[in-house]
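Q: Predicted model and sequence below, questions to follow.
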Amino acid sequence: MSEIKAISLFVRPEFENRGIETAVVGDIERRLSVWERVSNMDPVRKFSVLILLVVSWELYTRIGNVNELMFPTFSATAAALVKAFVEEGLLTNIWNSLSLLLTGYVIGIAIAAGLVVLGVWSRFGADLLTTLTAMLNPLPAIALLPLAMIWFGLGSSAIVFTLLHSIIWPVALNTHAGFQSVSETLRMVGQNYGLKGLPYIYKILIPAAFPAILTGLRIGWAFAWRTLIAAELVFGGQVMDTSGQLGNEDSNAGGLGWIIFANQMENQTPYVFAGLFTVIIVGILIENGIFRNIEDRTVRKWGMQKA
Amino acid sequence: MSDKAIDIYIRPEFESGALGTAENVDVERELSLLERISNINAVRKLSILLGLVIIWQFYTWFSGVEPLLFPSFVDSADVLWKTLLNGVMFEKVWISLYVLLLGYAAGLLIAAVFLMLAVSTRIGSDFLSTMTAMFQPLPAISLLPLAMLWFGLGIPSLVFVTIHSVLWAVSLSTHVGFMSVSETLRMVGRNYGLKGVAYILKILVPAAFGSILIGLKVGWAFAWRTLIGAELVFGAAAGEGGLGWMIFEKGDNLDTPYVFAALFMVIVIGLLVENVIFRNIEINTIQKWGLQR
């Protein structure tokens, strides 16, 4: 007798669907309500987030009974900001910071350009550049400030020196890396046209490596801005240390970092917040006003970078 | 007779003279020892470093520069060696790194919470992008005076500014990375029924790991710079701290060799973190997964 395996199959019982309603086409397309349309606008949503933050700040400081010296209300901060702008020449302080930054930035880029040109021209230059950037890029520029103060004394040349350090290495590093990744085809096109030396760099390497260069410039700016503010804060401390008093108040000598430091020392917390606001605004302006524009006109126009 | 005469230049016939016999020059030849050595990258870079050190040493010997202003290499190396041996340097390094790690970890945690909110709701996303747009351009160090007001002088203030420098850089870059994860990958995740945290961990994080890593690196760079800067400011205001404080204090006392030794340590730590830690993470993740060549 052979074994017979019984396989039990599940047989679904027959059934009949009853009462299927007639098909109705719902609204495939429908006008969004005003509320939906408004809340679909990006700026509206982001602004309301901002306003919400401001309102909760104001309410927290008013209802929470926070010490004015520790955390001023939003209205006090705004009033301080307006007052600082109108009466106390905050613009001069902004200009002091920016002119230092610009000086450092321009000189730094010139030095970085010199190093990179050397790096393109000779293998020794490339080695020198990579060794120097590998060594000095991880070193925070602000750490050089004490040395700079010993070498150049208290003053703008010490700050410019540290700024240089924060700009040269990221710019040189990114530009060099960008140059190295320029495709062989583009290089050969350049050589075919008989380009050599500087024209070769200007007409082939720089346009081809522009996204990397722009990244370098941006990082350089970010580091320089941070270094500048930090340097001004340290100087604030140094002036306190040596002369036992804060800097001359009427002369508007210091930059933004100094404003923040000095006002904190005098417990003028609303002015500290106003100074922070100004730092944010200047940062956003440079970031979105200048770099965004350069990007639009170069890499995006040339189709090297999407949206 | 035709009206137009076309002048055709006909090259006169000529015969090439003695061409000389063809010879096999060395198509392939052994490079000389010097060429072979100078083709090794490490050798060239090390010799540049050596060259710089020698220039430094000779400059300080022969130019008669005041050693208080610019110590010789030998003095700096000597101080570095001594402080390494007696443990002072390690103590300073540990103080700095401890604060940095604390701030970095806390910053990452907060960033993770923000990002989870941003991924799950539109209002969270708006909140995050508004906050990052506002705080990313603000140098963390400028919050130090406020931090000192709120938390007093000490480690909490340092951690606060470090958090601030890490948080926005990481959130910005990660958020952008999440938003550019391709729709296909997202649909795969939904197909598996992934939701919430599992969806983020299994789909978004691996897919956006390249930009997350960039965010982590930028965050580290900012945090390291901010910490050293903050310790310098603290140097001005109070007195206990790590490498930054050492640089400031020794600079103030004109113990310049110590300043150079501390700067050297700062460079070493930076190199270690960038080329050992981050490089390893890169090799074991995005390069292994083929996201980056």
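A: Yep, it's here.
Q: how about the nearest residue to residue 215, chain neighbours excluded?
A: All of this is about chain A. residue A:174 (5.3 Å; Cβ to Cβ, 6 or more residues apart in numbering or on different chains). Any C-beta I mention is one placed from the backbone N, CA and C, and that applies to glycine too.
Q: wrong one, I was asking about chain B
A: residue B:173 (2.9 Å).
Q: Report the mean per-residue pLDDT for the strand or helix carrying residue B:189.
A: Applying DSSP states H and E as the criterion places residue B:189 in helix B:183-191. Mean pLDDT, computed over helix B:183-191, is 92.
Q: So which residues make contact with that helix?
A: For helix B:183-191, contacts defined as Cβ atoms under 8 Å, 6 or more residues apart in numbering or on different chains pick out B:199, B:202, B:203, B:207.
Q: buried subset of the residues you listed?
A: B:199, B:203, B:207 (16 or more other Cβ atoms under 10 Å in any protein chain shown).
Q: can those go into TSV with extra columns for secondary structure, distance to residue B:120 and pLDDT?
A: Converted to TSV, the buried ones among the contacts of helix B:183-191 look like this (DSSP: H, G, I helix; E, B strand; the rest coil; distance: Cβ to Cβ, whole Å; pLDDT from 0 to 100):
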residue	secondary structure	distance to residue B:120	pLDDT
B:199	helix	9	92
B:203	helix	13	92
B:207	helix	17	91
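Q: so which of these comes closest to chain A?
A: In terms of Cβ to the nearest Cβ, no member of the buried ones among the contacts of helix B:183-191 lies closer to chain A than residue B:207, at 18.2 Å.
Q: Does the residue nearest to that closest one when sequence neighbours are not counted lie in a helix or a strand, and which?
A: Closest residue in space to residue B:207, ignoring its immediate chain neighbours: residue B:181 at 4.3 Å, by Cβ to Cβ, 6+ apart. Using DSSP H and E, residue B:181 sits in no helix or strand.
Q: Isn't residue B:181 up against residue B:208?
A: Yes. Between residue B:181 and residue B:208 there is a contact under Cβ atoms under 8 Å: 5.5 Å.
Q: re the thing from before, for chain B, see how far away the residue nearest to residue A:215 is.
A: With distances taken as Cβ to the nearest Cβ, to the nearest Å, residue A:174 is found 13 Å from chain B.
Q: how many neighbours does that residue have?
A: 24 (other Cβ atoms under 10 Å in any protein chain shown).
Q: do residue A:103 as well
A: 16.
Q: which one is it nearest to, not counting chain neighbours?
A: Nearest one to residue A:103, counting by Cβ to Cβ, 6+ apart, is residue A:160 at 5.6 Å.
Q: Kindly report the residues of the stretch 201-307 of chain A close to chain B.
A: A:223, A:225-227, A:229-230, A:233-234, A:236-238, A:240-241, A:256-257, A:260-261, A:263-265, A:269, A:272-273, A:275-276, A:279-280, A:282-284, A:286-287 (Cβ under 8 Å from any Cβ of the partner chain).
Q: among those, which ones are buried?
A: Applying a neighbour-count criterion of 16+ other Cβ under 10 Å, the buried members of these are A:223, A:225-227, A:229-230, A:233-234, A:236-238, A:240, A:256-257, A:260-261, A:263-264, A:269, A:272-273, A:275-276, A:279-280, A:282-283, A:286-287.
Q: still on that earlier bit, between the buried ones among the contacts of helix B:183-191, which sits nearest residue A:143?
A: residue B:207 (37.3 Å; Cβ to Cβ).
Q: Contacts only, for that closest one.
A: B:177, B:181, B:182, B:185.
Q: which ones are touching the second one?
A: Shown in contact with residue B:181 (Cβ under 8 Å, 6+ apart): B:203, B:204, B:207, B:208.
Q: How about the third one?
A: Neighbouring residues of residue B:182 by Cβ under 8 Å, 6+ apart: residue B:207.
Q: Now do the phi/psi pair for it.
A: Taking degrees, to the nearest 10, you get phi -70, psi 150 for the backbone angles of residue B:182.
Q: okay, the residue nearest to residue B:215: pLDDT?
A: 92.
Q: Helix or strand: which one has the residue nearest to residue A:215?
A: helix A:156-180.
Q: I'd like to know which elements that helix is packed against.
A: Other helices and strands packing on helix A:156-180, by 3 or more Cβ pairs under 8 Å, 6 or more residues apart in numbering or on different chains; DSSP states H and E, are helix A:90-121, helix A:123-136, helix A:145-152, helix A:210-243.
Q: Using CSV, please lay out those together with distance to residue A:189 and mean pLDDT.
A: Below are the helices and strands packed on helix A:156-180 laid out as CSV (distance: least, Cβ to Cβ, whole Å; pLDDT from 0 to 100):
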stretch, distance to residue A:189, mean pLDDT
helix A:90-121, 16, 91
helix A:123-136, 22, 90
helix A:145-152, 44, 87
helix A:210-243, 16, 79
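Q: where does chain A dip in pLDDT?
A: Along chain A, segments meeting pLDDT under 70 span A:1-4, A:236-253, A:306-307.
Q: what residues are up against the closest residue in space to residue A:223 that isn't next to it in sequence?
A: Spatial nearest neighbour of residue A:223, chain neighbours left out: residue A:166 (4.2 Å); criterion: Cβ to Cβ, 6+ apart. Residues in contact with residue A:166 (Cβ under 8 Å, 6+ apart) are A:104, A:108, A:141, A:142, A:220, A:223, A:224, A:226, A:227.
Q: nearest to residue A:182, of the residues you listed?
A: Closest approach between the contacts of residue A:166 and residue A:182, by Cβ to Cβ: residue A:220, at 20.5 Å.
Q: which ones are touching that closest one?
A: Contacts of residue A:220 (Cβ under 8 Å, 6+ apart): A:105, A:108, A:109, A:166, A:167, A:168, A:170, A:171.
Q: switch the cut-off to 6 Å
A: Residue A:220 sits next to A:167, A:170, A:171 when contact means Cβ atoms under 6 Å, 6 or more residues apart in numbering or on different chains.
Q: Kindly report the same for residue A:174.
A: By Cβ under 6 Å, 6+ apart, the residues touching residue A:174 are A:212, A:215, A:216.
Q: Can you give me the neighbour number for the closest residue to chain A within the stretch 1-150 of chain B?
A: Using Cβ to the nearest Cβ, residue B:137 is the residue of the stretch 1-150 of chain B that sits closest to chain A, at 2.6 Å. Residue B:137 has 21 neighbours, counted by other Cβ under 10 Å.
Q: Can you report phi and psi for it?
A: The phi/psi pair for residue B:137 (degrees, to the nearest 10) reads phi -80, psi -10.
Q: Can you tell me the closest non-neighbouring residue to it?
A: residue A:283 (2.6 Å).
Q: same thing with residue B:166?
A: That would be residue B:107: by Cβ to Cβ, 6+ apart, it lies 3.1 Å from residue B:166.
Q: so who does the one you found touch?
A: Contact analysis of residue B:107 by Cβ under 6 Å, 6+ apart lists B:163, B:166, B:167.
Q: mind checking pLDDT for the second one?
A: Spelled out, it's residue B:166. 94.
Q: Is it in contact with residue B:104, as I believe?
A: Yes. Counting by Cβ atoms under 6 Å, residue B:104 is a contact partner of residue B:166 at 5.5 Å.
Q: Common neighbours of the two, please.
A: residue B:223.
Q: Which one's more surrounded, the two?
A: Between residue B:166 and residue B:104, residue B:166 has the larger neighbour count (other Cβ under 10 Å), namely 28 against 24.
Q: which element is the more buried one on?
A: Residue B:166 belongs to helix B:155-179 when assigned by DSSP H and E.
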